[in-house]
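Participant: coordinates for the following, if possible.
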Amino acid sequence: MKLLMVCLGNICRSPLAEGIMKTKLPGHFFVDSAGTIFLHEGEHPDKRAIKTAANHGIDISKQVSRPVINADFDHFDKIYCMDIDVYEDVISKARNEEQRRKISLFLASAGNHENAEVPDPYWGDTKDFENVFQLLDKACDQIAIQLRSIAHNS
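Facilitator: Numbers count the residues shown, from 1 in each chain. Down below sits the predicted model:
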């Protein structure tokens, strides 16, 4: 199964989600991340995201930002968006209903329907990055359980 984590610039939330999810799933799962804007294309994650992940034993320093491309809708089985604006942007790029069914809000997929948005820590400080890490970590636990169950039953 192939998973894509998507945020705005692909330098904070989605790289963290990618790194965390890779630690929660077996190797036959493929996890990647992308952004909806080109602004940071080719850049590594934000230094604060790298440091926060490293504090939890996860290395995201070699990830490179890239934008969502049309081929992603064919290549990935599930596309997880970090907030409503990102979700709406990604949905608008899907070419058909089959592709739209692959797209969901990350936290809603984890069962958090009250606040389905992962806050963007970019304008915050290290505490904001840590809070986002904890939120993503808990959500990744829930989604990983669901995905392992789906993979086991197929």
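Participant: in the sheet, who's paired with Ile103?
Facilitator: Ile79 (DSSP bridges).
Participant: so which residues of this protein form helices?
Facilitator: Using DSSP state H, the helices of the chain run over residues 13-24, 47-55, 70-75, 84-93, 97-101, 106-109, 126-153.
Participant: neighbours around Gly113, how many?
Facilitator: Slight slip there: residue 113 is His, not Gly. The local packing of His113 (other Cβ atoms under 10 Å) involves 10 other residues. C-beta here means a position set from N, CA and C on the backbone, and glycine is covered the same way.
Participant: could you measure it against Ser104, distance?
Facilitator: Going from His113 to Ser104 by Cβ to Cβ, to the nearest Å gives 11 Å.
Participant: and the helices of the chain: which comes nearest Val118?
Facilitator: helix 13-24 (5.2 Å; Cβ to Cβ).
Participant: low-confidence regions, the chain specifically.
Facilitator: Within the chain, the stretches with pLDDT under 70 are 154.
Participant: repeat that for 80
Facilitator: 113-114, 151-154 (pLDDT under 80).
Participant: quickly list what the spatially most central residue of it is bridged to.
Facilitator: Most central residue of the chain, judged by C-alpha distance to the mean C-alpha position with Cα atoms, centre = their mean, is Met5 at 2.5 Å. Note on Met5: beta-bridge partners Ser33, Tyr80, judged by DSSP bridges.
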